[in-house]
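1. Sequence first, then the predicted structure, then my questions.
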Amino acid sequence: QVQLVESGGGLVQAGGSLRLACAASERTFTTYAMGWFRRAPGKEREFVAAISRSGGSTVYAISVKGRFTVSRDNAKNTVYLQMNSLKPEDTAVYYCAADLQINSAYVPGRLSDYDYWGQGTQVTVSS
């Protein structure tokens, strides 16, 4: 069972940047597609971005496309979410998730696709 630990959240002004990291305990990290989700106060958890096992394919929510970038370093068992041009509406708890995936190029985009979840890290964007 893979354990996921997020870091890098915090308080930032609108227009600023943050980079989230998610470290996985599993030595077979490359067998997992990885995703980022978020839950804003009073809202459901929603998809943000995801990356395939190989790192060659990525998918983004429309609301973050062009501002956020997901990447992974398989040698470090870590996935990242670079967030630029942050807006107050990006305020949420951000979660990383892992999907044990046979297809190295597939990028899962649904919450139900993912098998393992981190505890989340708070991102607050002030106006």
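-> Received the coordinates, thanks.

2. Is the residue positioned nearest the centre of the chain in a helix, a strand, or coil?
-> Centroid-nearest residue in the chain: Trp36, 2.3 Å away (criterion: CA atoms, centre = their mean). Put simply, Trp36 is strand when judged by DSSP: H, G, I helix; E, B strand; the rest coil.

3. quick one: pLDDT of it?
-> pLDDT, Trp36: 98.

4. which residues touch Ser25?
-> By CB atoms under 8 Å, 6 or more residues apart in numbering, Ser25 lies in contact with 2-5, 77. C-betas here are computed from N, CA, C, even on glycine.

5. Just list whatever residues bridge to the residue nearest to the centre of the chain.
-> Beta-bridge partners for Trp36, by DSSP bridges, are Ala49, Cys96.

6. coming back round to it: closest to Ala49 among the contacts of Ser25?
-> Nearest to Ala49 among those: Leu4, at 15.1 Å, using CB to CB.

7. For that closest one, give me phi and psi.
-> For Leu4, the backbone dihedrals are phi -120, psi 130 (criterion: degrees, to the nearest 10).

8. picking up where we left off before, show me the contacts for the residue nearest to the centre of the chain.
-> Trp36 makes contact with 20, 22, 48-50, 70, 79, 81, 94-97, according to CB under 8 Å, 6+ apart.

9. one step back: and the contacts of Ser25, which of them are buried?
-> Listed as buried from those are 2, 4, 77; burial here means 16 or more other CB atoms under 10 Å.

10. got the contact list for the nearest residue to Tyr114 once chain neighbours are set aside?
-> What sits nearest to Tyr114 in space, not counting adjacent residues and going by CB to CB, 6 or more residues apart in numbering, is Ala97, at 3.8 Å. For Ala97, the contact set (CB under 8 Å, 6+ apart) comprises 4, 34-37, 111, 114-118.

11. which one of those residues has the most neighbours?
-> Highest neighbour count within these: Met34, with 30 neighbours (other CB atoms under 10 Å).

12. Test my guess that it contacts Tyr80.
-> No. Counting by CB atoms under 8 Å, Met34 stays clear of Tyr80, with 9.6 Å between them.
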